[in-house]
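Enquirer: sequence? don't have it. structure:
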């Protein structure tokens, strides 16, 4: 009789443990999809290029405090060897540019000091750096970051 109770109790624990792992795995999957990493190299007048690495956490519909980013810029072969620039902050979703009223623009605002960056979404895997008035630069294709 005790063995049946022990087996029944073990079966119940296994069942409960199995139920508990389902939502947890789903949360981990959602967290993984709520992060996007973009990389590219921007032109530089005094160096071989500026390597940019942008990671955006959260989704467009997330609350502001859940939409965060990190941005790391590294200068390649710059004569003055400036330090890497590393920023973190929040990002907003803006709609429209002067040439495309339906365009999606991401505004990355660093915490504390730092430049605000504007990126227009070209497609699901490409962002392009644009100016603060949300205009594209003439050499826009050279200012694109690709999703990794």
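Expert: It's in. Please read these numbers as outputs of a predicted model, since none were measured by experiment.
Enquirer: so where do the strands sit in the chain?
Expert: 35-42, 49-57, 68-76, 85-95, 104-110, 117-123, 126-130, 144-147 (DSSP state E).
Enquirer: and of the ones you listed, who's closest to residue 136?
Expert: Nearest to residue 136, of all those, is strand 126-130, at 5.4 Å by Cβ to Cβ. To be clear about C-beta, it is placed using only N, CA and C from the backbone, and glycine gets the same treatment.
Enquirer: Nearest to residue 138 among the strands of the chain would be which one?
Expert: Nearest to residue 138 among those is strand 126-130 (11.6 Å), distances taken as Cβ to Cβ.
Enquirer: who does that closest one touch, helix- and strand-wise?
Expert: strand 117-123, strand 144-147 (3 or more Cβ pairs under 8 Å, 6 or more residues apart in numbering; DSSP states H and E).
Enquirer: repeat that for 10 Å
Expert: Identification of packing neighbours for strand 126-130 by 3 or more Cβ pairs under 10 Å, 6 or more residues apart in numbering; DSSP states H and E yields strand 35-42, strand 49-57, strand 104-110, strand 117-123, strand 144-147.
Enquirer: relative to strand 104-110, how tilted is that strand?
Expert: Here strand 126-130 runs at 70 degrees with respect to strand 104-110, directions being taken by axes from the mean of the first three to the mean of the last three Cα atoms, to 10 degrees.
Enquirer: coming back round to it: got the helices and strands packed on strand 126-130 as JSON lines, with distance to residue 97 columns?
Expert: JSON lines is the format used below for these (distance: least, Cβ to Cβ, whole Å):
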{"stretch": "strand 35-42", "distance to residue 97": "18"}
{"stretch": "strand 49-57", "distance to residue 97": "19"}
{"stretch": "strand 104-110", "distance to residue 97": "6"}
{"stretch": "strand 117-123", "distance to residue 97": "6"}
{"stretch": "strand 144-147", "distance to residue 97": "15"}
